[in-house]
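Novice: based on what follows, work out the 3D shape:
(one chain, ligands or ions: 2)
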Amino acid sequence: MATTGSGKGIVVRTNRANEHADLHVSADVGSWLPRRSSHAADWRAEDLLAAKRGTTVSVVIPARDEEATVGDIVRTIRRDLVDGVPLVDEILVVDSRSQDATARVAAEAGATVVAQDSVLPMLPGMAGKGEALWKGVAATTGDLVVFVDGDLYDFTSDYVTGLLGPLLTDESVAYVKGFYHRPLVGSTGTDADGGGRVTELVARPLLNMYWPELAGFVQPLAGEYAGRREVLESIPFVVNYGVEVGHLIDILEWRGLDALAQVDLGKRTHRHQTTQALGRMSGQIMLTVFDRLERYGRLVSAQPPATLLAQFRRGEGADGVEREMVLTDLTCEQRPPLATLHTADREIA
Ligand SMILES: O=c1ccn([C@@H]2O[C@H](COP(=O)(O)OP(=O)(O)O)[C@@H](O)[C@H]2O)c(=O)[nH]1
Ligand SMILES: O=C(O)[C@@H](COP(=O)(O)O)O[C@H]1O[C@H](CO)[C@@H](O)[C@H](O)[C@H]1O
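Specialist: Ligands and ions are numbered 1, 2, ... in the order given. Down below sits the predicted model:
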């Protein structure tokens, strides 16, 4: 493994599998990394309060069946950043068709709670994380919007201050992604860096192939990120798990790499989905990437990709296959930029 310093602090190692020892990311990525990467500890809440100067902040937490974790997340933000250092003006939990006590737990913890389908009710409701986020932007008013997943363990409020730092101190920054070490917590133990499976197996390779400008993002699918409202209301939201990759590509294409930043939030532990669920997530992300490849003219496919995913699991079988077949429609449904909705429609948000 060859090692070369980029001259900017990050150590670059070249994988032994390559004969070409002169591999390197683009000069744009090399200069973006030190300029637009920071650490949560760089952004103290007291300093950000001075920088706030009337800028309002909303935190949006998408939550589907998160009764076990959403309460602590809300309480921590309220304690530290509402009652403590008043950086946050609004905490909204979007109850995403939960079947458990998510709404009650979140409300008891001090959040405003909306049912996903009650926002913009004149529109037919849709399922998915991106739908919850889009409705969350519609139902809040903050100049800056911070997104925090509702399934986090060991959440600390410096996730929020870290994400707000670049936005409150540099008006040229439009959107900030968190990054972290991502343990994979299993029944037999924890793999310290085994999490982010869809990131490593699907999103990172695709983004490096077609948008190498984004190669510097340590966690392109991070569920913790923040943006300016005028940006978030000007881009479409993929209604499913394609929402994060869609945002990154759309903002890069619209505002350029320098409008994007990332902040090291330390470690992130969350509830993991099954491999089959991540298979469906992967399909949604791939269809979002293919949609953007066509949209931005980077690839023209002779035949559009199919959207039906067939998966197999133990169960009654037939035709010699002792498995159940599970079919999922992965269609990349999208919500339009909120700014394109008529004012009258918005007033019911
Ligand atoms: O239809 C959905 C799917 C997910 N989520 C929420 O979005 C966050 C991230 O989803 P999930 O944990 O399923 O994704 P992962 O982190 O495993 O990739 C969590 O707070 C979920 O409760 C949601 O609000 N609606
Ligand atoms: O990053 C990933 O590979 C996936 C799955 O994470 P794990 O393998 O369960 O740690 O998690 C992320 O992806 C989703 C799709 O973008 C986001 O919505 C989640 O917030 C994020 O946790």
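Novice: can you pull the residues of this protein lying near ligand 2?
Specialist: For the chain, the residues in contact with ligand 2 (Cβ under 6 Å from any ligand atom) are 129, 149, 182, 184, 195-199, 221, 223, 241, 244, 272-273, 278, 281. C-beta here means a position set from N, CA and C on the backbone, and glycine is covered the same way.
Novice: grab the nearest non-local neighbour of whatever residue of the stretch 201-349 of the chain ends up closest to ligand 1.
Specialist: Nearest residue of the stretch 201-349 of the chain to ligand 1 (Cβ to the nearest ligand atom) works out as Q273 at 4.4 Å. Sequence neighbours aside, M281 is the residue nearest to Q273 in space, at 7.2 Å (criterion: Cβ to Cβ, 6 or more residues apart in numbering).
Novice: name the residues of the helix or strand hosting that neighbour that are buried.
Specialist: Assigned by DSSP states H and E, M281 belongs to helix 275-295. Buried residues in helix 275-295, counting neighbours by 16 or more other Cβ atoms under 10 Å, are found at 278-293.
Novice: just the CA trace of it, in PDB.
Specialist: The C-alpha coordinates for helix 275-295 follow below in PDB (Å, rounded to 0.1, in the frame of the first residue of the first chain):
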ATOM      1  CA  THR A 275     -30.000  -7.100   4.600                       C
ATOM      2  CA  GLN A 276     -33.300  -7.500   2.600                       C
ATOM      3  CA  ALA A 277     -34.500  -4.100   3.600                       C
ATOM      4  CA  LEU A 278     -31.100  -2.600   2.600                       C
ATOM      5  CA  GLY A 279     -31.500  -4.400  -0.700                       C
ATOM      6  CA  ARG A 280     -34.700  -2.400  -1.300                       C
ATOM      7  CA  MET A 281     -33.000   0.700  -0.100                       C
ATOM      8  CA  SER A 282     -30.100   0.100  -2.500                       C
ATOM      9  CA  GLY A 283     -32.500  -0.300  -5.400                       C
ATOM     10  CA  GLN A 284     -34.200   3.000  -4.500                       C
ATOM     11  CA  ILE A 285     -30.800   4.700  -4.400                       C
ATOM     12  CA  MET A 286     -29.700   3.200  -7.700                       C
ATOM     13  CA  LEU A 287     -32.900   4.200  -9.400                       C
ATOM     14  CA  THR A 288     -32.400   7.800  -8.100                       C
ATOM     15  CA  VAL A 289     -28.900   7.800  -9.400                       C
ATOM     16  CA  PHE A 290     -30.000   6.500 -12.800                       C
ATOM     17  CA  ASP A 291     -32.800   9.200 -12.900                       C
ATOM     18  CA  ARG A 292     -30.200  11.900 -12.200                       C
ATOM     19  CA  LEU A 293     -27.800  10.500 -14.800                       C
ATOM     20  CA  GLU A 294     -30.500  10.900 -17.400                       C
ATOM     21  CA  ARG A 295     -31.700  14.300 -16.000                       C
END
